[in-house]
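Peer 1: Pasting a predicted model and its sequence here:
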Amino acid sequence: MFYFYDATYILVLIGAALSMWASANVNSAIQKYRRIESTSGMTASGVARRILQQHGIFDVTVKQIAQGASDYYNPSTKEVCLLTQNYNSSSIASIGIAAHECGHAIQDATEYVPLALQRYLAPVCARSSQIGIYIALAGLLLGMEQLTTVGIVLFSLGVFLTVLLLPIEYDASNRALKILEEGSILKGDELTGAKKVLRAAGLTYVAAAASAVLSLLRLLLLSRSRRR
């Protein structure tokens, strides 16, 4: 029970607060710029198809999805998946989001190293992290230092995966903004709005990474405390 009520729990609360702030921030930015239509009149799906064609990517389709937590690029099926509210929208937010997902498709087509590494490690690291937290907790509760160490090592793999997402997401956003600007798809204040949306979205990954690192730090502090 000490795991849930010790002083290091403040680290978990900080992580949760960061995640809540980042989520509220990105939702606010998306809602604001989803109400502003771009002067180009192009829909997000049309922009996505144009970007893919301009980069010689013809094996990726743009798909409309009715449900989901967010838009995404699926490298397994080669699909840029856009939520219904973005697919046929000409808003600044929707176009920015679509361009970002195309950024991932371009990363995939050019064999961007961090993305390839993330895809290779994801199945192992994600599973190891899920198991690791329970092993670490069991080791702490039972006072078994070696078991705790194994759990922490496994959990740290998931933390590494979360941190690895940062350069991937920021690179996709930078690619998207450059494409939108060079192609004159968005101009001036429109481009600034798209940048705010994508930067806010990027902060959610920063918050997730920070939260994961804080959780790992907490396990390390608890382990050190138990050794004493």
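Peer 2: Sure thing, it's come through.

Peer 1: Tell me how many other residues crowd I10.
Peer 2: When counting by other C-beta atoms under 10 Å, one arrives at 11 neighbours for I10. Placement of C-beta: from N, CA and C, glycine included.

Peer 1: now the helices: where do they sit in this protein?
Peer 2: Using DSSP state H, the helices of the chain run over 2-5, 9-34, 44-54, 84-87, 92-109, 113-142, 145-182, 189-227.

Peer 1: so what does the last one touch, helix or strand wise?
Peer 2: Secondary structure elements in contact with helix 189-227, counted by 3 or more C-beta pairs under 8 Å, 6 or more residues apart in numbering; DSSP states H and E, are helix 9-34, helix 92-109, helix 113-142, helix 145-182.

Peer 1: Now do the contacts for the residue nearest the centre of the chain.
Peer 2: Closest residue to the average C-alpha location of the chain: Y205 at 4.6 Å, with C-alpha atoms, centre = their mean. Contact partners of Y205, counting by C-beta atoms under 8 Å, 6 or more residues apart in numbering, are T162, L165, L166, E169.

Peer 1: picking that back up, adding mean pLDDT and distance to A66, write the helices of the chain out as TSV.
Peer 2: Output for these, formatted as TSV (pLDDT from 0 to 100; distance: least, C-beta to C-beta, whole Å):
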stretch	mean pLDDT	distance to A66
helix 2-5	48	39
helix 9-34	93	17
helix 44-54	96	14
helix 84-87	94	5
helix 92-109	97	15
helix 113-142	88	26
helix 145-182	93	24
helix 189-227	91	21
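
Peer 1: Which of those sits closest to I65?
Peer 2: Between I65 and the helices of the chain, the tightest spacing by C-beta to C-beta is seen for helix 84-87, at 7.1 Å.

Peer 1: if you compare the helices of the chain, which one is most tucked away?
Peer 2: Stretch with highest mean neighbour count among those: helix 92-109 (a mean of 26; mean count of other C-beta atoms under 10 Å).

Peer 1: Show the secondary-structure elements that that one is packed against.
Peer 2: Using 3+ C-beta pairs under 8 Å, 6+ apart as the contact test, the elements touching helix 92-109 are helix 9-34, helix 44-54, strand 72-74, strand 79-83, helix 84-87, helix 113-142, helix 145-182, helix 189-227.
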